[in-house]
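Q: What follows is a predicted protein model with its sequence.
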Amino acid sequence: MDTPHAVVVMGVSGTGKTTVGVLLAEALGVPYADGDDFHSAHAIARMSAGVPLDDADREPWLDAVGRWAHGRSGRGGVISCSALRRAHRDRLRAAAPDVEFLHLTGDRALIERRTAEREGHFMPAALLDSQFAALEPLEGDEAGVAVDVSGSPREIAERAVAALRRPED
Ligand SMILES: Nc1ncnc2c1ncn2[C@@H]1O[C@H](COP(=O)(O)OP(=O)(O)OP(=O)(O)O)[C@@H](O)[C@H]1O
Ligand SMILES: O=C(O)[C@H](O)[C@@H](O)[C@H](O)[C@H](O)CO
């Protein structure tokens, strides 16, 4: 198996973590989990009301995501989780040291457009400013790759598979 560990699809709201994550899991032949399903009702209510999460809100959520990732160690899995800050990713790595990150990056206007056009999701487009303000891209010592979100979801998933399966350096 190419990725016998959890892959966390990270990025700001609206980058396509869920959309691409599902396709990536299919391509890798591993289970998918949506990190949003691990939020408390309180956290969902805050975001729905247009209140950005703070790290106290995020800690129990990150711990739940980390437990899922730990459970996929040696077997593989894909989970969507914004993991905006280095500290968030360090918390996930503490739970699942072999975790790898796929950062979906892209033009802000494109992400804003996609978020604005989305229907039926709790996350308001108005929170995008706070998402970009919190975002800290992957650093050189972090296991992971960044893929641009231009193109179709399937094209992005294919690029992600290629990037994750890169030949050993
Ligand atoms: N490559 C793409 N091309 C066109 N539309 C896309 C693409 N990727 C995602 N979308 C659309 O953009 C919106 C946001 O996608 P999605 O919900 O997967 O993002 P997300 O990062 O999981 O968001 P959140 O973090 O808020 O849950 C959805 O309406 C989705 O259908
Ligand atoms: O602040 C954050 O870390 C993010 O907003 C996450 O909490 C959300 O899960 C997601 O991005 C919206 O669905």
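A: It's in. Ligands and ions are numbered 1, 2, ... in the order given.
Q: Please name the residues that touch Gly151.
A: Neighbour list for Gly151: Arg159 [criterion: C-beta atoms under 8 Å, 6 or more residues apart in numbering]. (Each C-beta comes from the backbone N, C-alpha and C, glycine too.)
Q: For ligand 1, what's the nearest residue on the protein?
A: Scanning the chain for the residue nearest ligand 1 gives Gly16, at 3.0 Å (criterion: C-beta to the nearest ligand atom).
Q: Now do the SS call for Ser82.
A: Of the three states, Ser82 takes coil under DSSP: H, G, I helix; E, B strand; the rest coil.
Q: which phi and psi does it have?
A: For Ser82, the backbone dihedrals (degrees, to the nearest 10) come out as phi -50, psi -40.
Q: and if you look at Val8?
A: Dihedral angles for Val8 - degrees, to the nearest 10 - are phi -100, psi 120.
Q: ok, back up a step: just give the number of residues close to the residue of the chain closest to ligand 1.
A: Gly16 sits with 20 neighbouring residues when counted by other C-beta atoms under 10 Å.
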